[in-house]
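**Student:** Next come a sequence and a model predicted from it.
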Amino acid sequence: MKRDPKLWAALAYTLGLISGIAVLLVAREKHDDQYVRFHAMQSVLTFAAIALSYILLPTIPIIGHIGAVRSLFTMAVFCLWVLLIVKAVSGEAYRLPYVGDLAHSMTSK
């Protein structure tokens, strides 16, 4: 059975860091699928940065403890998550600023 690259690329984003790592490990076995490896690496880098931000946000004086700031950050992450899944399913190798270029350079042959 042939894998659908668009589906696997979207799958890399579904559970954030966890699914990104899983798809990256599976895609590493198939060296011919640059598209899937790119999205998996972008997922790992993006959601690792988001996880670190969630950990560090409360340490920021004053604004880190305001619930509205955490809520806005969570909504922004959700919108980014949906955008990345939609772009992957549509077949677009959408690059996020900085992270996308880094993911591309890390997965290039």
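**Tutor:** Structure received.

**Student:** mind listing the helices for the protein?
**Tutor:** With DSSP state H as the criterion, the chain has helices at 5-14, 17-29, 34-56, 67-89, 99-107.

**Student:** got these as JSON lines, with mean neighbour count and mean pLDDT columns?
**Tutor:** Every residue, glycine included, has its C-beta placed from N, CA and C. As requested, these are exported to JSON lines (neighbours: other CB atoms under 10 Å; pLDDT from 0 to 100):
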{"stretch": "helix 5-14", "mean neighbour count": "21", "mean pLDDT": "92"}
{"stretch": "helix 17-29", "mean neighbour count": "17", "mean pLDDT": "87"}
{"stretch": "helix 34-56", "mean neighbour count": "20", "mean pLDDT": "93"}
{"stretch": "helix 67-89", "mean neighbour count": "14", "mean pLDDT": "92"}
{"stretch": "helix 99-107", "mean neighbour count": "16", "mean pLDDT": "91"}
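
**Student:** center of the chain, which residue is that?
**Tutor:** S43 (2.1 Å; CA atoms, centre = their mean).

**Student:** quick one: it and A22 touch, right?
**Tutor:** No: checked against CB atoms under 8 Å, the pair S43 and A22 is beyond contact range at 9.9 Å.

**Student:** Next, the contact list for the residue nearest to the centre of the chain, please.
**Tutor:** By CB atoms under 8 Å, 6 or more residues apart in numbering, S43 lies in contact with 12-13, 16-17, 19-20, 23-24, 84.

**Student:** Farthest-apart pair in those, please.
**Tutor:** The most widely separated members of the contacts of S43, counting by CB to CB, are L24 and L84 (14.8 Å).

**Student:** Next up, phi/psi of the residue of the chain positioned farthest from its centre, please.
**Tutor:** Centroid-distance maximum for the chain: I62 at 28.9 Å, with CA atoms, centre = their mean. Here is the backbone geometry of I62 (degrees, to the nearest 10): phi 70, psi -70.

**Student:** cool, and P97?
**Tutor:** Phi and psi for P97, reported as degrees, to the nearest 10, are phi -60, psi 140.

**Student:** For it, give its distance to L80.
**Tutor:** According to CB to CB, to the nearest Å, P97 and L80 sit 12 Å apart.
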